[in-house]
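requesting a structural model of the entry that follows:
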Amino acid sequence: MPTFHLDASRRHLAWDHALPPALVVAPGDEVEVATVDASGGQLSRTDGAEAVARLDFAAVNPCTGPIAVEGARVGDDLIVELLEVATGDWAWTANIPGFGLLADDFPDAALWISEVRGARVVTPIGVEIPLRAMVGTIGVAKAEPGPTPLLVPTLAGGNMDVAQLGAGATLRLPIQVPGAMLSLGDLHAVQGDGEVCGTAAETPGAVRLRVSTAPSDGASPRFSHAAVPLATEWVATTGIGPDLFAAAREATRRAVELLSSRTRIDPVDAYLLSSLVGELRVSEIVDAPNWVVSMHLPAWLLGATSP
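Numbers count the residues shown, from 1 in each chain. Sure thing, here's the model as predicted:
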């Protein structure tokens, strides 16, 4: 099958089915899609925390595309096979004031510049994390007319930040407009479930994918994956209560406190690190009136094999 190439200059800043296709392919075709980082080039590897305050949120999370698929019909599913995800040689992670799960706890801007060296992400505090490249934003055009923000995920996909959407994953999305109009961006060198500080290891890069279509079975969006866990042993903190969001905050807050006290790193660094490696999960949602959320940290990060 042919392989097409789409340059990162063919990008947009909103979902809008009126956008003309940047590329037209047939089912079964492979496409290599280049992407810029989630800041849209506003941050560089030489920047400090002061650059975070200058971020223009209207220009963040750009997506390359859209890609029209011949014969893609409304009511069918678009099947996207992620064959390869390649990152740049550096990545940034930021605490953006007013953004993130614990925004009230961490009001000041912070910025990490990490190096991507082979199969490792080397953070500025010296912690090395296994590379687990993935696609943060991927979706098709919505049926509703007019532009809508890229940052908000919908049933058409978008900024889902699913940590397992890396090489080997297959994503099914419900086609809402003829041609499907697929776009993607926001690559991460590594991200934990929840992306709790609001950013991961944000990086430019390229994705090689294959597209096809199939009749809808009513179960999309959905995905399969072969993501390798970041650890084999974990330490988990919990949040318990009648509000899932509040419980998620409490589980994350306890994880940050544990990580900071065990490793003696600054709490904001523990928060950023949790966003890269923490696995935030709903552990129980049937025993009303309280639900349980847990935040799992790799035991190797804490220098322990048990709580």
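
give me the pLDDT value at M1.
Per-residue confidence at M1 stands at 58 (pLDDT).

before we move on, what SS does A34 have?
Assigned by DSSP: H, G, I helix; E, B strand; the rest coil, the conformation of A34 is strand.

and V135, by the same measure?
Secondary structure, three-state DSSP: V135 is strand.

how close does it sit to E115?
Distance, V135 to E115, by C-beta to C-beta, to the nearest Å: 21 Å. For the C-beta atoms, the positions are set from N, CA and C on the backbone; glycine is no exception.

before we move on, what about P20?
Taking C-beta to C-beta as the measure, P20 falls 38 Å from E115.

more neighbours, these two?
More crowded of P20 and E115, by other C-beta atoms under 10 Å: E115, with 15 against 7.

which other helices and strands contact the helix or strand containing the more buried one?
Assigned by DSSP states H and E, E115 belongs to strand 110-117. On a contact count with 3 or more C-beta pairs under 8 Å, 6 or more residues apart in numbering; DSSP states H and E, strand 110-117 meets strand 90-95, strand 120-122, helix 267-277.

outside of the first one itself, list whatever touches it.
The reference is to strand 90-95. Outside strand 90-95, the residues that touch it by C-beta atoms under 8 Å, 6 or more residues apart in numbering are 37, 39, 43, 45, 47, 49, 52, 106, 108-116, 121, 123, 188-189, 197-203, 268, 271-272, 275-276.

let's go with 7 Å and repeat that
43, 45, 52, 106, 109-116, 121, 189, 197, 199-203, 268, 271-272, 275-276 (C-beta atoms under 7 Å, 6 or more residues apart in numbering).

F99: how many residues sit nearby?
16.

for it, helix, strand, or coil?
coil.

that one - nearest residue in space that isn't next to it in sequence?
G198 (4.4 Å; C-beta to C-beta, 6 or more residues apart in numbering).

and the one you found, what does it touch?
G198 sits next to 96, 99-100 when contact means C-beta under 7 Å, 6+ apart.

now render those residues as TSV, adding pLDDT and distance to E32.
Output for those, formatted as TSV (pLDDT from 0 to 100; distance: C-beta to C-beta, whole Å):
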residue	pLDDT	distance to E32
I96	97	30
F99	96	31
G100	97	32
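
count of neighbours near F245?
Counted with other C-beta under 10 Å, residues neighbouring F245 total 11.

circling back to that earlier point, buried residues in the strand holding E115?
Residues of strand 110-117 classed as buried: 110-114, 116 (neighbour count, 16 or more other C-beta atoms under 10 Å).

please apply the same query to stretch 254-267.
254-256, 258-260, 263, 265, 267.

now do stretch 232-241
234-237, 239-240.

try stretch 276-284
For stretch 276-284, by 16+ other C-beta under 10 Å, it's 276-280.

wait, which of those residues is closest to E84?
L276 (21.4 Å; C-beta to C-beta).

so the closest one touches E202, yeah?
No: taking contacts as C-beta atoms under 7 Å, L276 lies outside contact range of E202: 10.5 Å.

can you list the low-confidence ranges for the stretch 201-307 of the chain?
304-307 (pLDDT under 70).

can you show me the strands along it?
Assignment of strands within the stretch 201-307 of the chain using DSSP state E, counting those that start in this stretch yields the ranges 205-215, 222-224, 234-241, 279-284, 291-298.

tabulate the ones you listed in a markdown table, adding columns for distance to L184.
Shown next, in a markdown table, are the strands of the stretch 201-307 of the chain (distance: least, C-beta to C-beta, whole Å):
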| stretch | distance to L184 |
| --- | --- |
| strand 205-215 | 6 |
| strand 222-224 | 13 |
| strand 234-241 | 30 |
| strand 279-284 | 23 |
| strand 291-298 | 28 |
